[in-house]
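**Q** structure, please.
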Amino acid sequence: MTLYNYAKITEATIYKRPKKSGPDLVGHWDGVVSVEGYGNYLIHNTPELGALAIPVSNLNPPWTSVRRIPVGKDKTIRGCFLMSGGAHTNDVSSELARYIMGETCVGAMAAIAEYLIFP
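**A** Next comes the predicted model:
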């Protein structure tokens, strides 16, 4: 068990960058969260890995801050995974199926933002 997944999120921001492959119609969207006692994490959804949280130190440019998200009471990275569909995708063998089940980066970030904002 990774303890930071269950610690309280205190701040959140949506970030965007150009896609690295394929058509770049809307860019690639992710969120950075501050986790009480554990620092900052990028919540990321990719075709290769599904949804995951990595230390923000792995955030490579050119990311642009889009909007801060108000964070409700007792929100966690684990909760973000559950809302994005990413909590159940790691056992799926197909990269494309894992990405779709976890939603695209835009859909996953919208679901996570809704989870963080609303009770």
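**Q** check which element follows the helix or strand of the chain with the lowest mean pLDDT along the chain.
**A** When each helix and strand of the chain is scored by mean pLDDT, DSSP states H and E, helix 95-101 comes last, with a mean of 59. Using DSSP states H and E, the helix or strand that follows helix 95-101 in sequence is helix 105-117.
**Q** surely residue 32 meets residue 56?
**A** Yes: assessed by C-beta atoms under 8 Å, residue 32 is found in contact with residue 56 at 5.6 Å. Backbone N, C-alpha and C define where each C-beta goes, glycine included.
**Q** settle it for me: which of these two has more neighbours?
**A** residue 32 (21 against 15; other C-beta atoms under 10 Å).
**Q** gap between residue 76 and residue 108?
**A** Per C-beta to C-beta, to the nearest Å, residue 76 is found 16 Å from residue 108.
**Q** I should have written residue 26 there, sorry.
**A** Separation of residue 26 from residue 108 (C-beta to C-beta) stands at 13 Å.
**Q** next one: residue 33
**A** 13 Å.
**Q** and residue 12, what element?
**A** When elements are assigned from DSSP H and E, residue 12 belongs to strand 9-17.
**Q** the more surrounded of residue 76 and residue 108?
**A** Counted by other C-beta under 10 Å, residue 76 and residue 108 do not tie: residue 108 has more neighbours, with 27 against 19.
**Q** pLDDT score assigned to residue 110?
**A** The score at residue 110 is 84. That number is its pLDDT.
**Q** what about it, neighbour count?
**A** 16.
**Q** next one: residue 34
**A** Neighbour count for residue 34, taken as other C-beta under 10 Å: 16.
**Q** show me what the residue positioned nearest the centre of the chain is bridged to.
**A** Centrality entry for the chain: nearest residue to the mean C-alpha point is residue 43, 2.7 Å, by C-alpha atoms, centre = their mean. Beta-bridge pairing for residue 43 (DSSP bridges): residue 31, residue 53.
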